[in-house]
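**Q** Fold the following for me, if possible:
(one chain, ligands or ions: 1)
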Amino acid sequence: MTPSPLAPLTTDALFGRIEAIFRRAGMNEVQAGAMARVLTAGERDHCKSHGIYRIEGTLRTVKAGKVNPQAVPVLSPDDGSALVRVDARGGFANAAFELGLPELAARARRLGMAAMVINDCTHLAALWPEVEAVTAHGLAAMVMCPSYATVAPTGGTDPLLGTNPFAFGWPRRDSDPYVFDFATSVAARGEVELHRRAGKPLPEGWALDADGNPTTDPEAALAGAMLPFGGHKGSAISTMIELLAGIMIGDLTSPEVLDYLGTTTLAPRHGELILAFSPGAFAKGRPGDPFARAEALFEAIIGQGARLPSQRRFKARAASVAEGITLSAEETAQLDRFLVSGLDAI
Ligand code: NDP
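**A** Numbers count the residues shown, from 1 in each chain. Model (predicted):
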């Protein structure tokens, strides 16, 4: 019996649908597979802002010619250093990441720590799939990348920094890793857009208007600047990301990304930095097992009634695996349209 379109989908079935859409839009196997994997994971983990919602932006960026749908990323030869370099060749970051991950893990195990530098990539996904993939090798991870200039530095008024996501992961032996992943702006830009569509005012402290005055009007905020989280602290972390994952790796900073694209409606093109650490190597010769000590810390956090970041996501994942992923009628119709019409649907 053919399942009804609204019956829950397995993750494999959803992956197959998304991959087919990307192949229909002219993406090669490497690009379509990597992007379908990451967006399926977003939908499975109930991260709606980074699930199938991102298909449209992916296709729009392909159609605009701002990402290479046929790119085959290239891994530089091992020079014996801790740097693993991947040239994304203008394709999506996720395909480049998948290529470089085994080498990053091997070198971090060999050297204690290693870094993957991805250049010339487009990144529109969440970062947690990448930190989680590194933790699956028993390594701790940090991932960061710029975005486009939409955030004013604390004390300033003009968009300069990106929403610059930052993610961290710690491997755990008997459970899901400890993972956090967030934008360094007070809220993701998509949240402002959602408030605009719903006709709802923004909470105080999210944004400035084009004259640099605080605003709760989403329209004025989109024409002005968003603010970093945590005042001067988030502003400094966001600046660090511009330095490390933009300037240091010889790639675009958020203002340069905006100059290149000329719009925030397409996915940003820049570089990405992924750091991997071997806790065992760092803790060698010191008292205590780092993994056991980490568990004691996590237990103390949970013991107070607090939750660990990503716990919501892992719970959602377990539910999706057990019960399937249910899309709305509108979402299903949109996927069908993308599959039939390809880039003409955009
Ligand atoms: P959120 O504020 O939604 O969540 C941030 C993190 O905090 C998550 O790991 C979340 O875990 C955790 N968390 C939330 N509430 C709690 C709580 N009460 N206690 C403990 N932990 C908690 O993230 P953002 O809106 O800032 O970012 C959303 C996504 O956008 C990220 O995945 C980021 O990578 C992505 N992004 C991507 C960009 C790009 O250019 N590629 C640009 C900017 C953002 P949980 O999921 O379990 O709730």
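**Q** Output the set of residues of the stretch 51-200 of the chain in proximity to the ligand.
**A** Residues of the stretch 51-200 of the chain found near the ligand (C-beta under 6 Å from any ligand atom) are 123-128, 147, 163, 165, 167, 180-183, 188. (C-beta placed from N, C-alpha, C; glycine too.)
**Q** Spatially, which two of those residues are the most separated?
**A** Leu124 and Phe180 (19.6 Å; C-beta to C-beta).
**Q** Looking at the two, which has the bigger crowd around it?
**A** Leu124 (21 against 15; other C-beta atoms under 10 Å).
**Q** For the more buried one, list the residues it contacts.
**A** 54, 57-58, 61, 92, 267-268 (C-beta atoms under 8 Å, 6 or more residues apart in numbering).
**Q** Please state the backbone phi and psi of the residue nearest to it when sequence neighbours are not counted?
**A** Computed as C-beta to C-beta, 6 or more residues apart in numbering, the closest residue to Leu124 that is not its neighbour in sequence is Ala267, at 3.8 Å. The phi and psi values for Ala267, taken as degrees, to the nearest 10, are phi -70, psi 140.
**Q** quick check, Met142 in a strand?
**A** Yes - under DSSP: H, G, I helix; E, B strand; the rest coil, Met142 sits within a strand.
**Q** Could you list everything it pairs with in the sheet?
**A** Residues in a beta bridge with Met142, per DSSP bridges, are Phe168, Leu275.
**Q** List the contacts of stretch 224-241.
**A** Residues outside stretch 224-241 that contact it (C-beta under 8 Å, 6+ apart) are 144-146, 150-155, 157-159, 161-164, 166, 182-187, 189, 192, 205-212, 215.
**Q** Any quick ChimeraX command for the buried ones out of those residues?
**A** A single ChimeraX command is used to select the members of these judged buried by 16 or more other C-beta atoms under 10 Å:
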select :144,145,146,150,151,152,153,154,159,161,162,163,164,166,182,183,184,185,186,187,189,192,206,207,208,209,215
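**Q** Of the contacts of stretch 224-241, which belong to helices?
**A** Judged by DSSP state H, the subset of these located in helices is 189, 192.
**Q** so of the contacts of stretch 224-241, which ones are in strands?
**A** Judged by DSSP state E, the contacts of stretch 224-241 include 144, 166, 182, 207-208, 215 as members of strands.
**Q** can you redo the residues you listed as CSV with pLDDT?
**A** Shown next, in CSV, are those (pLDDT from 0 to 100):
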residue, pLDDT
Met144, 98
Phe166, 98
Phe182, 96
Ala207, 97
Leu208, 97
Thr215, 97
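**Q** Which of those sits closest to Val340?
**A** Nearest member of those to Val340, counting by C-beta to C-beta, is Phe182, at 36.4 Å.
**Q** Name the residues linked to that closest one by a beta bridge.
**A** Phe182 has the following beta-bridge partners by DSSP bridges: Phe166.
**Q** Verify the stated contact: it with Phe168.
**A** No - the criterion here is C-beta atoms under 8 Å, and Phe182 misses it with Phe168 at 9.9 Å.
**Q** what does the stretch 201-346 of the chain put close to the ligand?
**A** For the stretch 201-346 of the chain, the contact set with the ligand under C-beta under 6 Å from any ligand atom comprises 268, 307, 309-313.
**Q** Now the two most distant members of those residues.
**A** Pro268 and Arg307 (30.8 Å).
**Q** More neighbours: which of these two?
**A** Ranked by neighbour count (other C-beta under 10 Å), Pro268 and Arg307 place Pro268 first, with 24 against 10.
**Q** Give me the pLDDT value at the more buried one.
**A** Looking at Pro268, its pLDDT reads 97.
**Q** Same check on the one 5 residues further on?
**A** According to the predicted model, the pLDDT of Leu273 comes to 99.
**Q** What is the burial count for the closest residue in space to Phe22 that isn't next to it in sequence?
**A** Spatially, and ignoring its direct neighbours in sequence, Phe22 is nearest to Ala32 (3.6 Å; C-beta to C-beta, 6+ apart). Neighbours of Ala32 under the rule other C-beta under 10 Å: 23.
**Q** so how far is the helix or strand that contains Ala32 from its chain's centroid?
**A** Applying DSSP states H and E as the criterion places Ala32 in helix 29-44. Its chain's average C-alpha position is 12 Å from that of helix 29-44, according to C-alpha atoms, centre = their mean, to the nearest Å.
**Q** Repeat that for stretch 185-197.
**A** 16 Å.
**Q** in stretch 313-325, what counts as buried?
**A** Neighbour-count burial for stretch 313-325 [16+ other C-beta under 10 Å]: 313-314, 316-317, 320, 324-325.
**Q** Just name the closest of these to the ligand, please.
**A** Arg313 (4.1 Å; C-beta to the nearest ligand atom).
**Q** which residues does the residue nearest to the closest one when sequence neighbours are not counted contact?
**A** Spatial nearest neighbour of Arg313, chain neighbours left out: Asp45 (4.4 Å); criterion: C-beta to C-beta, 6+ apart. Shown in contact with Asp45 (C-beta under 8 Å, 6+ apart): 313-314, 316-317, 320.
**Q** Tabulate the CA atom coordinates of the helix or strand following the helix holding Ala32 in PDB.
**A** Next in sequence after helix 29-44, counting helices and strands by DSSP H and E, comes helix 53-63. Extracted in PDB, the C-alpha atoms of helix 53-63 (Å, rounded to 0.1, in the frame of the first residue of the first chain):
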ATOM      1  CA  TYR A  53      12.800  25.200   5.600                       C
ATOM      2  CA  ARG A  54      16.300  25.700   4.300                       C
ATOM      3  CA  ILE A  55      15.700  23.900   1.000                       C
ATOM      4  CA  GLU A  56      14.200  27.000  -0.600                       C
ATOM      5  CA  GLY A  57      17.300  29.100   0.400                       C
ATOM      6  CA  THR A  58      19.600  26.400  -0.900                       C
ATOM      7  CA  LEU A  59      17.800  26.300  -4.300                       C
ATOM      8  CA  ARG A  60      17.600  30.200  -4.400                       C
ATOM      9  CA  THR A  61      21.400  30.400  -3.900                       C
ATOM     10  CA  VAL A  62      22.000  27.800  -6.600                       C
ATOM     11  CA  LYS A  63      19.700  29.600  -9.000                       C
END
